[in-house]
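**Student:** Next one to model:
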Amino acid sequence: MTDKKKPDTRLPEWAPKDAGSEFATRVVSGETKQHKAINENTHVSRSHGAVDIDKLFNGVVEGNITVLSKAITLIESNSHKHFEPAQELIKRLLPHAGKSIRIGITGVPGAGKSTFIETFGTWLIAQGHKVAVLAIDPSSTISKGSILGDKTRMEKLSRSQSSFIRPSPSSGVLGGVARKTRETIIACEAAGFDIILIETVGVGQSEVTVRSIVDFFMLMQITGAGDDLQGIKKGIMELADLVVVNKADGTNELKADTTKNELIQVLHYLQPATTGWNTPAMTCSALTGLNIPEIWEQISTFLSITRGNGVFEQRRSGQNLEWLDSMLTEALTQLFFHDKGIADSYNNSKKLILAGKLTPAIAAIKLIDMFKSTL
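**Tutor:** Residues are numbered from 1 along each chain as shown. This is a model prediction of the structure:
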């Protein structure tokens, strides 16, 4: 007889102190104690690529978090053989999706976004909501690894049976991340999550990307904005439906109020992000819970106004068209480089361009002609 191998309960280095042996799994996969039992037949086979769409579909719509995690893993896969089954799953989930409120959250480093998300998410769950937290981190495309960062600190939220926390896909261009995040949103909605919080970890283009996939966009600031608005460009301010000055607690409360008033002045001169809605600024404290209910009040008022004037549906429809364009771009790119001959010619063209023996324009024409010949 051989002894049964004991499960490895060691915590990775990034896990919080006293987090418990299950913490890392909960954060990465969204798994909770209620859904720990894994159906071994519901999986993507690594050896054969076999996918049981029926079991994935049934598990997701039944709200099984473990199966939801497996479904998202399939959606996020960059393997060519997983593309069609993933799209078939999304197609079947679509009628069960679309009923959530999608909220984007961005802000300067140190603004306390993750602490806010945990406090806000926990409060929403107490009000009877189910909350999924997704993160878009374009910087992870450099390291080819999902950068968890502050997600690992959302211990209280991750313990809730009504929460799901998932880092962003870890590879590909930002547009590809956006497409997969859209599809992850559909899976989460089909699983019964009615509030989707999407945090952008990076800066710059990622804000525009998140804006293109959410209903409501929140910009988080901290005190000491001054004239330069903490480096936040005018374009980023114009994306926001609400500007929140976090860390309004203790001796910092008065400073936060001053910063809020400065931001109100700036917002007065900017084009609102949403037709029929004037972007407000307010303070909050993720530590004390100050104005957390009031933030939800603002979001609820926004939803009432935009649904009343048709802007909500127009935005969703526009986002679907953007989704189509991004899908076409990504599919054509994959099709182009999937051909080994083209991929080799592309790499050789780059060497010739660097050596000054070929111009980019001529190289592009030759590659496109080569691609046309394969169709």
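**Student:** Could I get the contacting residues of Ile195?
**Tutor:** When contacts are counted by CB atoms under 8 Å, 6 or more residues apart in numbering, Ile195 touches Ser100, Ile101, Ile103, Gly121, Leu124, His129, Lys130, Val131, Ala132. Backbone N, C-alpha and C define where each C-beta goes, glycine included.
**Student:** Over to it: give its phi and psi.
**Tutor:** The phi/psi pair for Ile195 (degrees, to the nearest 10) reads phi -130, psi 120.
**Student:** swap in Ala343?
**Tutor:** phi -60, psi -40.
**Student:** how many other residues sit next to it?
**Tutor:** When neighbours are counted by other CB atoms under 10 Å, Ala343 registers 12.
**Student:** Please apply the same query to Met220.
**Tutor:** Applying other CB under 10 Å, we find 24 residues neighbouring Met220.
**Student:** same thing with Glu155?
**Tutor:** Neighbourhood size, Glu155 [other CB under 10 Å]: 17.
**Student:** can you check the one 10 residues further on too?
**Tutor:** Residues lying near Ile165 (other CB under 10 Å) number 26.
**Student:** ditto for Thr274
**Tutor:** Neighbourhood size, Thr274 [other CB under 10 Å]: 20.
**Student:** Show me how far the one helix or strand Ile342 maps to is from its chain's centre.
**Tutor:** Assigned by DSSP states H and E, Ile342 falls within helix 340-354. Centre-to-centre, helix 340-354 and its host chain are 34 Å apart (CA atoms, centre = their mean, to the nearest Å).
**Student:** Tabulate the CA atom coordinates of it in PDB.
**Tutor:** Provided in PDB are the C-alpha atoms of helix 340-354 (Å, rounded to 0.1, in the frame of the first residue of the first chain):
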ATOM      1  CA  LYS A 340       4.100  29.600 -40.600                       C
ATOM      2  CA  GLY A 341       5.300  30.800 -44.000                       C
ATOM      3  CA  ILE A 342       4.000  34.300 -43.300                       C
ATOM      4  CA  ALA A 343       5.300  34.300 -39.800                       C
ATOM      5  CA  ASP A 344       8.800  33.400 -41.000                       C
ATOM      6  CA  SER A 345       8.600  36.000 -43.800                       C
ATOM      7  CA  TYR A 346       7.500  38.600 -41.300                       C
ATOM      8  CA  ASN A 347      10.500  37.800 -39.000                       C
ATOM      9  CA  ASN A 348      12.900  37.900 -42.000                       C
ATOM     10  CA  SER A 349      11.400  41.200 -43.100                       C
ATOM     11  CA  LYS A 350      12.100  42.800 -39.800                       C
ATOM     12  CA  LYS A 351      15.700  41.800 -40.000                       C
ATOM     13  CA  LEU A 352      16.000  43.300 -43.500                       C
ATOM     14  CA  ILE A 353      14.300  46.500 -42.400                       C
ATOM     15  CA  LEU A 354      16.800  46.800 -39.500                       C
END
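**Student:** how about the strands of this structure, start to end?
**Tutor:** Along the chain, the segments classed as strands by DSSP state E run 101-107, 131-136, 163-166, 195-200, 216-221, 242-245, 281-283.
**Student:** can you list those strands in a markdown table and add mean pLDDT?
**Tutor:** Output for those, formatted as a markdown table (pLDDT from 0 to 100):
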| stretch | mean pLDDT |
| --- | --- |
| strand 101-107 | 95 |
| strand 131-136 | 92 |
| strand 163-166 | 94 |
| strand 195-200 | 94 |
| strand 216-221 | 94 |
| strand 242-245 | 96 |
| strand 281-283 | 97 |
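**Student:** just so I know, which of the ones you listed lies nearest Met370?
**Tutor:** strand 131-136 (34.2 Å; CB to CB).
**Student:** Please list the residues outside stretch 286-304 that contact it.
**Tutor:** In contact with stretch 286-304 (CB under 8 Å, 6+ apart) are residues 101, 103, 112, 115-116, 118-120, 123-124, 127, 215-216, 218, 241-242, 244, 246-249, 274, 277, 280, 282-285, 312.
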